[in-house]
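Q: build me a model from this:
(one chain, ligands or ions: 1)
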Amino acid sequence: MTIDLRSDTVTKPSQAMRDFMAHAPVGDDVFDEDPMVHQLQNEVAILLGKEAALYCPSGCMTNQLAVNIQTQPGDEVILETDAHIFNYETTAASFLSRVQLNPVKAKSKGILSVDIIEDAIREPAYYMPVSRLIIIENTHNRAGGTIYTIEKVKELSDFAHSKGILIHLDGARLWNACAATGTSPKEYAQYFDTVSVCFSKGLGAPVGSAICGSKENITKARRMRKIWGGGMRQAGIIAAGALYALRNNRDRLKEDNAKARRFAEIVAKNAKNATIDLDSVETNIVLLELTEKNPIIPKYLSDLSAKGVRLSQGKRTSLRAVAHLDVTMDECEKAAYIVSEYLS
Ligand SMILES: *Cc1c(COP(=O)(O)O)cnc(C)c1O
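A: Take a look at the predicted model:
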C-alpha cells in the first residue's frame, strides 16, 4: 500500500460526504438559483465575518479574482517571493489583469514584516507603478506551512491601509493556521479586504475555493468569474462536498498538524542525508532539505515511490511531505521510517 504524502489535495470524498452530495438540492447557479451554492456561500461568509462569498472552481481563480477586482491595469501587487500567486499560477496576474507582481523576500519562514513591505512601496510619481495591493499567504505553502500570528497580520493590515493599499489573504490553508493557533477564521479575516479559502485541501472536499469580501467586491468577482468561463450550472453537487467539509472537517486539522510534526521529528532524528528545520514545521507541511549538492529530485521521488511513500518536490533542493485526512498517524510514522532509511 502506498502512503501518499504529496499534497493535502489528494484526499478523496468520504462516504458520508458522498451521501450528502448525492442528496443535495441543486439549481442553475448562473441563474443564481442553486440552494446548495447559496448555503455554502452564506456559511463561509458568516464564518469569515464578511458580507458575501463566491464559490469558484479553484484557489487560482479566487486569488486571481481578488487581484483583478482590486487593481487597475498597470498597478503593482506586493507579495512574498515564494507566494503561490507568484510561483504556481502561471503568469495569470499579468496575463489576466495586466498588473506587475513585485515579489519581496521575507527575512524568515516566508513571513513578511512591515519594514520589508515599506521598502517595496513606490513613491507617488507618474513614472512609477502604483502600489495597489498586498498579498499574504497563511499558512505559507512554499515556506513549509508557516503561520502568520494574528498580531503580525494586524500590523501588516494597519500599515497597508494607512498607505491606502488594499490587502488580500491567500488563505488556501487558513484553516490549518486556525487549528494550530486557536485564532478563529473571523479574527484573521477582519484584517483583509478579500480572503480566499480552499475546500479541497485539508478539508477534503473534491472541488473548490471561495473568495470572500464586501458585497460590492463579490458582485464584481461574480461578473469576472463569468467572463473567465467560471459560471457553473448545477454546482450544488460539488458545493455540497465543500459545505460538508466546512461543517465537519475543520476541527480535525489539528490531527494533520500533529501527524506532520511526528513525521518531521522521526526524519529529523534518523535521516542522515536530509535536514528538517523543526522550528518551521508549524502545521501539516514538512520540507526535507537534501544534503546532496545538486540532487536529482525526480530520482528521489521515484525511488521513494517504489518503497511505498510518495512525496513531492519542495524547492529546488528539498522534498515535501504533507499530512492530510486520508493518512493515519501510524502511516505517517511508517512513512517517516521508510524515508529516514532511504535518506541514510
Ligand atoms: C493550492 C493553493 C492555491 C490554489 O489552489 P487550486 O485550487 O489548486 O487552484 C492557492 N494558494 C495556495 C497557498 C495554495 O496552496
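Q: can you list the strands that the longest strand along the chain pairs with?
A: The residue-count maximum for a strand in the chain (DSSP state E) belongs to strand 130-137. Neighbouring strands of strand 130-137 in its sheet, by DSSP bridges, are strand 75-80 (parallel), strand 166-171 (parallel).
Q: and the ones you listed: which comes nearest the ligand?
A: Closest to the ligand of the strands paired with strand 130-137 is strand 166-171 (C-beta to the nearest ligand atom; 4.7 Å). The way it works is simple: take the backbone N, C-alpha and C, and place the C-beta from them, glycine included.
Q: what sits up against that closest one?
A: Strand 166-171 has contacts (C-beta atoms under 8 Å, 6 or more residues apart in numbering) with 59, 63, 66-67, 70, 83-85, 132-138, 156-157, 160-161, 177, 185, 188-189, 191-198.
Q: among these, name the buried ones.
A: With burial judged by 16 or more other C-beta atoms under 10 Å, the buried subset of the contacts of strand 166-171 is 59, 63, 66-67, 70, 83-85, 132-138, 156-157, 160, 177, 185, 188-189, 191-198.
Q: let's see which of the residues you listed end up in strands.
A: 132-137, 194-198.
Q: tell me, which of those residues make contact with the ligand?
A: 137, 198 (C-beta under 6 Å from any ligand atom).
Q: between the ones in strands among the buried ones among the contacts of strand 166-171, which sits nearest residue 9?
A: Residue 9 has its nearest neighbour among those in residue 198, at 8.8 Å by C-beta to C-beta.
Q: surely that closest one touches residue 57?
A: No - the criterion here is C-beta atoms under 8 Å, and residue 198 misses it with residue 57 at 11.3 Å.
Q: one step back: in a markdown table, list the strands paired with strand 130-137 along with distance to residue 202 and mean neighbour count.
A: Formatted as a markdown table, the strands paired with strand 130-137 follow (distance: least, C-beta to C-beta, whole Å; neighbours: other C-beta atoms under 10 Å):
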| stretch | distance to residue 202 | mean neighbour count |
| --- | --- | --- |
| strand 75-80 | 21 | 23 |
| strand 166-171 | 12 | 26 |
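Q: residue 150: which of those strands is closest?
A: The nearest among the strands paired with strand 130-137, by C-beta to C-beta, is strand 166-171 at 12.1 Å.
Q: mean confidence for the closest one?
A: For strand 166-171, the mean pLDDT works out to 98.
Q: hmm, that strand touching the ligand?
A: Yes - counting by C-beta under 6 Å from any ligand atom, the ligand is contacted by strand 166-171 at residue 170.
Q: and that strand, C-alpha only, in PDB?
A: The C-alpha trace of strand 166-171 is given here as PDB (Å, rounded to 0.1, in the frame of the first residue of the first chain):
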ATOM      1  CA  LEU A 166      -5.600  47.000  -0.100                       C
ATOM      2  CA  ILE A 167      -4.700  43.600   1.400                       C
ATOM      3  CA  HIS A 168      -5.700  40.100   0.200                       C
ATOM      4  CA  LEU A 169      -5.300  36.900   2.100                       C
ATOM      5  CA  ASP A 170      -4.400  33.800   0.200                       C
ATOM      6  CA  GLY A 171      -5.900  31.500   2.800                       C
END
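Q: how far out from the middle of the chain is it?
A: 11 Å (C-alpha atoms, centre = their mean, to the nearest Å).
Q: on that earlier part again, same list (the strands paired with strand 130-137) but as TSV, adding distance to residue 290.
A: Below are the strands paired with strand 130-137 laid out as TSV (distance: least, C-beta to C-beta, whole Å):
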stretch	distance to residue 290
strand 75-80	23
strand 166-171	27
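Q: can you list the residues of the stretch 1-150 of the chain near the ligand?
A: Taking C-beta under 6 Å from any ligand atom, the part of the stretch 1-150 of the chain that reaches the ligand is made up of 58-60, 63, 84, 137, 141.
Q: the residue minimising distance to the centre of the chain: what's it in contact with?
A: Taking C-alpha atoms, centre = their mean as the criterion, residue 172 is the residue nearest the geometric centre of the chain, at 2.4 Å. For residue 172, the contacting residues are 59, 84, 137, 141, 196-198, 201, 209, by C-beta under 8 Å, 6+ apart.
Q: what pLDDT does residue 188 get?
A: For residue 188, the pLDDT comes out at 98.
Q: wait, it touches residue 152, no?
A: No - checked against C-beta under 8 Å, the pair residue 188 and residue 152 is beyond contact range at 10.6 Å.
Q: for the stretch 151-300 of the chain, which segments count as helices?
A: Ranges of helices in the stretch 151-300 of the chain, per DSSP state H, counting those that start in this stretch, are 174-181, 185-189, 215-227, 236-248, 253-270, 297-306.
Q: which one of those lies nearest to the ligand?
A: Closest to the ligand of those is helix 174-181 (C-beta to the nearest ligand atom; 9.5 Å).
Q: using CSV, write out every CA atom in that closest one.
A: Taking Å, rounded to 0.1, in the frame of the first residue of the first chain, the C-alpha atoms of helix 174-181 are listed here in CSV:
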residue,chain,number,x,y,z
LEU,A,174,-6.1,29.4,6.7
TRP,A,175,-8.0,26.5,8.4
ASN,A,176,-4.7,24.9,9.3
ALA,A,177,-3.4,28.1,10.8
CYS,A,178,-6.6,28.5,12.8
ALA,A,179,-6.3,24.9,14.1
ALA,A,180,-2.7,25.5,15.2
THR,A,181,-3.2,28.9,16.8
